[in-house]
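[1] kindly return the folded structure for what I paste below:
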Amino acid sequence: MPNLVQTINDTHSKTLGYLLWIFGFTGSHRFYFGKPITGTIWFFTGGLLGIGWLIDLFLIPQMDEEADHRYQTGLVDYNLTWVLLTFLGIFGVHRFFMGKIITGALYLFTGGFFTIGLIYDFWTLNEQITEVNRQ
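    Next up is the predicted model:
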């Protein structure tokens, strides 16, 4: 029965997790899987001086499973939204994609609220997507 639940509620991708792991010393894969505190620690310590980064190579399947159980599927795709945040977040493209037109426009004209909003989104994007998907 757990496999059925995993298939129905597959919010995150191991493949994208491993691609982000390549830049894991920045904590990007940890932010993606909904672990902002350790993502921030990885960012400021270089993945715990590379040791935590290497250990995460083996922890990604577990982090993926936890994220799949924790977050809500729906119309907004987690993977695409995370890619948009990572590469175009300062322009608010991820917010437009989630239907948040007003804050998307504000991000566009203020550089992601002068990057403070961008940092906020790295911490809370999974919860924001879940909220939109529940509506």
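[2] going forward, measure contacts and count neighbours with C-alpha atoms only.
    Fine.
[3] tell me where the model's unsure across the protein.
    Regions of the chain meeting the criterion pLDDT under 70 cover residues 1-8.
[4] tell me, what residue is most central in it?
    The chain has residue 32 as the residue nearest its centroid, 2.8 Å off, counting by Cα atoms, centre = their mean.
[5] distance of that residue from residue 126?
    Here residue 32 is placed at a distance of 8 Å from residue 126 (Cα to Cα, to the nearest Å).
[6] ok so, going back, so the residue nearest to the centre of the chain sits against residue 83, correct?
    No: proximity of residue 32 to residue 83 does not meet the contact threshold set by Cα atoms under 8 Å, at 9.7 Å.
[7] can I have stretch 89-106 written out in CSV, keeping just the CAs?
    Provided in CSV are the C-alpha atoms of stretch 89-106 (Å, rounded to 0.1, in the frame of the first residue of the first chain):
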residue,chain,number,x,y,z
GLY,A,89,13.2,33.9,-9.1
ILE,A,90,14.5,37.4,-9.0
PHE,A,91,12.0,38.2,-11.8
GLY,A,92,9.1,36.6,-9.9
VAL,A,93,8.4,34.0,-12.7
HIS,A,94,7.7,31.3,-10.1
ARG,A,95,5.1,33.5,-8.4
PHE,A,96,3.4,34.2,-11.8
PHE,A,97,3.4,30.4,-12.3
MET,A,98,1.6,29.8,-9.0
GLY,A,99,-1.0,32.4,-9.9
LYS,A,100,0.4,35.1,-7.5
ILE,A,101,0.2,37.8,-10.1
ILE,A,102,0.5,40.8,-7.8
THR,A,103,3.6,39.6,-5.9
GLY,A,104,5.0,38.3,-9.2
ALA,A,105,4.8,41.8,-10.6
LEU,A,106,6.3,43.3,-7.4
